[in-house]
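K.L.:
Sequence first, then the predicted structure:
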Amino acid sequence: MTGKIKHNPAVRYALLAIGWLSVALGVIGIFLPVLPTTPFLLLAAACFMRSSERFYHWLVDHPRLGPWIRDYLEGEGIPRKAKIYSISLMWLSIGLSCYLVPMFWARLFMLTSAVCVTVYILRQKTLPTPPCPKR
(Lines give C-alpha, C1' and ligand atoms only; values in the text may rest on other atoms or scores of the structure.)
Protein backbone atom coordinates (compact mmCIF):
# COMPACT_ATOMS: atom_id res chain seq x y z
CA MET A 1 0.00 0.00 0.00
CA THR A 2 1.55 3.29 -1.09
CA GLY A 3 -1.01 5.82 0.18
CA LYS A 4 -0.63 7.66 3.42
CA ILE A 5 -3.38 7.17 5.99
CA LYS A 6 -5.08 10.48 6.84
CA HIS A 7 -5.02 11.24 10.56
CA ASN A 8 -7.69 13.96 10.45
CA PRO A 9 -10.86 12.08 11.55
CA ALA A 10 -13.18 14.15 9.33
CA VAL A 11 -11.09 13.49 6.22
CA ARG A 12 -10.69 9.82 7.12
CA TYR A 13 -14.44 9.29 7.63
CA ALA A 14 -15.24 11.18 4.41
CA LEU A 15 -12.82 8.94 2.50
CA LEU A 16 -14.34 5.84 4.11
CA ALA A 17 -17.85 6.99 3.16
CA ILE A 18 -16.84 7.72 -0.43
CA GLY A 19 -15.00 4.39 -0.55
CA TRP A 20 -17.99 2.35 0.61
CA LEU A 21 -20.36 4.27 -1.66
CA SER A 22 -18.02 3.49 -4.54
CA VAL A 23 -17.94 -0.20 -3.60
CA ALA A 24 -21.74 -0.25 -3.56
CA LEU A 25 -21.98 1.47 -6.96
CA GLY A 26 -19.30 -0.86 -8.35
CA VAL A 27 -21.20 -3.94 -7.19
CA ILE A 28 -24.42 -2.57 -8.68
CA GLY A 29 -22.47 -1.94 -11.90
CA ILE A 30 -21.69 -5.64 -12.17
CA PHE A 31 -25.39 -6.27 -12.75
CA LEU A 32 -26.41 -3.05 -14.56
CA PRO A 33 -24.69 -2.67 -17.93
CA VAL A 34 -24.97 1.14 -17.95
CA LEU A 35 -23.14 1.62 -14.65
CA PRO A 36 -19.37 0.98 -14.84
CA THR A 37 -17.77 -1.27 -12.23
CA THR A 38 -14.03 -0.76 -12.51
CA PRO A 39 -13.87 3.04 -12.07
CA PHE A 40 -15.92 2.85 -8.89
CA LEU A 41 -13.77 0.05 -7.48
CA LEU A 42 -10.61 1.99 -8.35
CA LEU A 43 -12.02 5.05 -6.57
CA ALA A 44 -12.86 2.86 -3.57
CA ALA A 45 -9.32 1.47 -3.53
CA ALA A 46 -7.86 4.99 -3.67
CA CYS A 47 -10.11 6.15 -0.80
CA PHE A 48 -9.36 3.08 1.32
CA MET A 49 -5.64 3.42 0.63
CA ARG A 50 -5.78 6.82 2.32
CA SER A 51 -8.20 5.92 5.10
CA SER A 52 -8.05 2.24 6.09
CA GLU A 53 -5.36 -0.31 5.36
CA ARG A 54 -7.74 -3.08 6.46
CA PHE A 55 -10.49 -2.09 3.99
CA TYR A 56 -7.95 -1.55 1.20
CA HIS A 57 -6.62 -5.11 1.60
CA TRP A 58 -10.15 -6.45 1.93
CA LEU A 59 -11.08 -4.90 -1.43
CA VAL A 60 -7.91 -5.78 -3.34
CA ASP A 61 -7.82 -9.35 -1.97
CA HIS A 62 -11.58 -9.93 -2.33
CA PRO A 63 -12.17 -13.05 -4.48
CA ARG A 64 -14.91 -11.39 -6.60
CA LEU A 65 -14.03 -7.67 -6.54
CA GLY A 66 -10.24 -7.82 -6.42
CA PRO A 67 -9.70 -9.16 -9.95
CA TRP A 68 -11.56 -6.18 -11.42
CA ILE A 69 -8.84 -3.82 -10.20
CA ARG A 70 -5.80 -5.82 -9.08
CA ASP A 71 -4.01 -5.99 -12.45
CA TYR A 72 -4.46 -2.25 -13.00
CA LEU A 73 -3.21 -1.39 -9.50
CA GLU A 74 -0.16 -3.61 -9.97
CA GLY A 75 0.66 -1.88 -13.27
CA GLU A 76 -0.06 -4.96 -15.38
CA GLY A 77 -2.64 -3.24 -17.55
CA ILE A 78 -6.29 -3.47 -18.51
CA PRO A 79 -7.76 -6.49 -20.34
CA ARG A 80 -8.60 -5.78 -23.99
CA LYS A 81 -12.19 -6.87 -23.39
CA ALA A 82 -12.53 -4.35 -20.54
CA LYS A 83 -11.12 -1.56 -22.71
CA ILE A 84 -13.55 -2.31 -25.53
CA TYR A 85 -16.49 -2.68 -23.13
CA SER A 86 -15.78 0.50 -21.19
CA ILE A 87 -15.11 2.69 -24.24
CA SER A 88 -18.15 1.33 -26.11
CA LEU A 89 -20.50 1.79 -23.18
CA MET A 90 -19.13 5.25 -22.44
CA TRP A 91 -19.67 6.42 -26.03
CA LEU A 92 -23.13 4.87 -26.13
CA SER A 93 -24.20 6.67 -22.95
CA ILE A 94 -22.52 9.95 -23.98
CA GLY A 95 -24.16 9.74 -27.41
CA LEU A 96 -27.58 9.20 -25.84
CA SER A 97 -26.96 12.03 -23.38
CA CYS A 98 -25.91 14.39 -26.19
CA TYR A 99 -29.09 13.49 -28.06
CA LEU A 100 -31.27 14.17 -25.00
CA VAL A 101 -29.51 17.32 -23.73
CA PRO A 102 -30.17 20.35 -25.95
CA MET A 103 -27.49 22.65 -24.44
CA PHE A 104 -24.45 23.07 -26.67
CA TRP A 105 -22.01 23.68 -23.78
CA ALA A 106 -23.18 20.49 -22.02
CA ARG A 107 -22.73 18.47 -25.21
CA LEU A 108 -19.28 19.95 -25.71
CA PHE A 109 -18.31 19.10 -22.11
CA MET A 110 -19.58 15.52 -22.43
CA LEU A 111 -17.83 14.95 -25.75
CA THR A 112 -14.58 16.45 -24.47
CA SER A 113 -14.73 14.25 -21.38
CA ALA A 114 -15.41 11.16 -23.50
CA VAL A 115 -12.46 11.91 -25.78
CA CYS A 116 -10.13 12.45 -22.80
CA VAL A 117 -11.24 9.25 -21.06
CA THR A 118 -10.94 7.28 -24.31
CA VAL A 119 -7.40 8.54 -24.86
CA TYR A 120 -6.52 7.69 -21.25
CA ILE A 121 -7.89 4.14 -21.53
CA LEU A 122 -6.19 3.51 -24.87
CA ARG A 123 -2.84 4.70 -23.51
CA GLN A 124 -2.94 2.19 -20.65
CA LYS A 125 -1.11 -1.10 -21.12
CA THR A 126 -3.25 -3.91 -22.44
CA LEU A 127 -3.17 -6.98 -20.26
CA PRO A 128 -1.96 -9.93 -22.33
CA THR A 129 -4.62 -12.51 -23.07
CA PRO A 130 -3.74 -15.86 -21.52
CA PRO A 131 -3.11 -18.56 -24.16
CA CYS A 132 -5.87 -21.07 -24.78
CA PRO A 133 -5.14 -24.48 -23.27
CA LYS A 134 -4.26 -27.16 -25.82
CA ARG A 135 -6.51 -30.15 -26.01
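P.N.:
Sure thing, it's come through.
K.L.:
is it true that Arg80 touches Leu127?
P.N.:
Yes. Between Arg80 and Leu127 there is a contact at 7.3 Å, judged by CB atoms under 8 Å. Placement of C-beta: from N, CA and C, glycine included.
K.L.:
Who has more neighbours out of the two?
P.N.:
Leu127 (16 against 12; other CB atoms under 10 Å).
K.L.:
Next, the contact list for the more buried one, please.
P.N.:
71, 76-80 (CB atoms under 8 Å, 6 or more residues apart in numbering).
K.L.:
State the distance from the one residue sitting closest to the centre of the chain to Ile121.
P.N.:
Nearest to the geometric centre of the chain sits Pro39, at 1.2 Å (CA atoms, centre = their mean). Distance, Pro39 to Ile121, using CB to CB, to the nearest Å: 10 Å.
K.L.:
Also Thr38?
P.N.:
10 Å.
K.L.:
For these two, list the residues in contact with both.
P.N.:
Contacts common to Thr38 and Ile121, judged by CB under 8 Å, 6+ apart, are Ser86.
K.L.:
Test my guess that Val117 contacts Met90.
P.N.:
Yes. Under the criterion of CB under 8 Å, Val117 makes contact with Met90 at 6.3 Å.
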